[in-house]
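Student: Give me a model of this one.
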Amino acid sequence: MRRGRSERGVLLPPQEMISKLEKTANAGNFYEAQQMYKSIAARYAAAERYGECLDILQSGASVQLKNGQVTCGAELGLLLVENLTKGKFPVNDENLDRIRKIYKDFPRIPVPQNFGENDDVEKLSETIGAAKARVESCSSFLKAALKWSADNGGQKGGSPELHLMLAEYTCSESPELDMAKVSLHLIRGNSPERFASTLVNFMDKCYPGEDDLAIARAVLFRAALSIGGQTRKFSSCNVYTPLVILPRSMPIPPGPLTQAGSSPKNIKERRGSIKREGAHVRTPSRHVRNSI
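Tutor: Residues are numbered from 1 along each chain as shown. Model (predicted):
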């Protein structure tokens, strides 16, 4: 019994440790601070003092990210999610707020989209490489948080708020935007308006001819997830949600799918005429829905 008390006695109050480690990191000793954050947090976790462990890891992740140490910050963020899982912490506003605060501290450094002929190729390559590293680090952190939220009382596919965070960071920081992957998170998010605005912004930047594809993909993703029962926030909207909720100040670029003849009403009429002609309209198969 004495031994147990002695082991717990060496654990200083977490706020003292947080202040000490923050000074070490802010002095530029990032590697030393990182190892201390990890070892001290592990000792609190071993003593099953998960609350204090989370406080230390959250502080460490934010301090490292604010100092531009993205890899270190993401690593501590992943450890925080790991301890949320070990401690069986529920998905509630208090625990989600830890994720929110770390997410907000990830650097936002827009990558230039138009490169001039006289630009330094090596510098541009470094800029793009750093942007990819930021997106990968933030994605790893948020995907781990999504898994925790799905396994500990959240929605089946993970917290809609976390899906939206992942989509937003990828859109703002990725030098090579993959709209297909982003759409999968936006459609599971809790903001149809942001989904619509992101879609229109992408249509304005994509290659000619891809704008209609972007709309069709968004509608089909929405339809497939609706059939699978994986959307809640969108449940009061139909599959044309990304189109009909746009503000009037944000016009949709013209194209075959956005013409008046392709409105939901006219498409419904066409479908009826197709059925009368004996054609068969298929819905996405279970395999397709699961893959989405």
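
Student: mind showing which ranges of this protein have poor pLDDT?
Tutor: Residues of the chain that meet the criterion pLDDT under 70 lie in 1-10, 111-120, 154, 204-207, 221, 224-292.

Student: Can you point out the buried residues in the top helix by length along it?
Tutor: As assigned by DSSP state H, the longest helix anywhere in the chain is helix 121-151. By neighbour count on 16 or more other C-beta atoms under 10 Å, the buried set for helix 121-151 is 127-128, 130-131, 134-135, 137-139, 141-146, 148-150. In this view, the C-beta of every residue, glycine as well, is placed from N, C-alpha and C.

Student: so is residue 22 in a helix, a strand, or just coil?
Tutor: helix (DSSP: H, G, I helix; E, B strand; the rest coil).

Student: same check, this time on residue 176
Tutor: Quick answer, by three-state DSSP: residue 176 is coil.

Student: And residue 149, how close does it get to residue 92?
Tutor: Per C-beta to C-beta, to the nearest Å, residue 149 is found 10 Å from residue 92.

Student: Hmm, I typed the wrong one, I wanted residue 81.
Tutor: For residue 81, the distance to residue 92 - C-beta to C-beta - is 15 Å.

Student: more neighbours, these two?
Tutor: residue 81 (26 against 11; other C-beta atoms under 10 Å).

Student: any idea which helix or strand comes after the helix or strand hosting that one?
Tutor: Per DSSP states H and E, residue 81 falls inside helix 70-86. Per DSSP H and E, the first helix or strand lying C-terminal to helix 70-86 is helix 93-104.

Student: Residue 34 and residue 74 touch, don't they?
Tutor: No - Residue 34 is not in contact with residue 74 according to C-beta atoms under 8 Å; the separation is 11.3 Å.

Student: Perfect, that will be all.
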